[in-house]
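> Pasting the sequence and the predicted model now:
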Amino acid sequence: MTALNIDQIVPGRHDIDVALEALPHVEAYLARRHERDTVRVVVDEHEESVVVPRGVVDLMARVLALVAAGESVAIVPSHAELTTQQAADLLNVSRPFLIGLLEAGRIEYRTVGKHRRVKASSLHDYLREDDHRRREAADELSALNQEMGLT
């Protein structure tokens, strides 16, 4: 398997404005129709529509929220294999820091010749575990603050 080229959306002012206008409508639609597993989307001015899985529209709403906030967005399939630089960029860490995580066994990878390849799903697992650890640490600090009467 070859490494993935990651294309990303880097929003300009127009993209941000369009996303800011569209996002509340998409979120309201999804809130009104929360029990549905498909969504009909109008694709042109002649009212032509197509039915898509609800998860796709949920993902679109998340992308719109990021674009509205001026954030760059990339969609990476979970089976994709990334170079160490791509993986580091997605985690927003340095490549040497990522290599440390790989060598410590915190993130799964495989070697291809001399090169490491990281599955996107392994990055996702690491992020989920890291978020869980952070929440536990924050809960522990909060409990200590309450015990000490600081809050």
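Structure received. Residues are numbered from 1 along each chain as shown.
> Residue 123 touches residue 91, doesn't it?
Yes: Residue 123 lies in contact with residue 91 (CB atoms under 8 Å); the separation is 6.5 Å. (C-beta placed from N, C-alpha, C; glycine too.)
> Have a look at these two and say which one is more surrounded.
residue 123 (24 against 17; other CB atoms under 10 Å).
> Can you classify that one as helix, strand or coil?
helix (DSSP: H, G, I helix; E, B strand; the rest coil).
> Kindly provide the distance from it to residue 89.
To residue 89, residue 123 is 11 Å away according to CB to CB, to the nearest Å.
> And for residue 135?
25 Å.
> Between these two, tell me which one has more neighbours.
residue 89 (17 against 10).
> And the helices in the chain, which stretches?
In the chain, the segments counted as helices under DSSP state H are 13-32, 54-68, 84-91, 95-103, 120-147.
> what sits up against the third one?
Same thing as helix 84-91. With contacts defined as CB atoms under 8 Å, 6 or more residues apart in numbering, helix 84-91 is touched by 3-4, 6, 74, 76, 82, 94-95, 97-99, 102, 107, 115-116, 118, 120, 123, 126-127.
> Recalculate using a threshold of 7 Å.
With contacts defined as CB atoms under 7 Å, 6 or more residues apart in numbering, helix 84-91 is touched by 6, 94-95, 98-99, 116, 118, 123.
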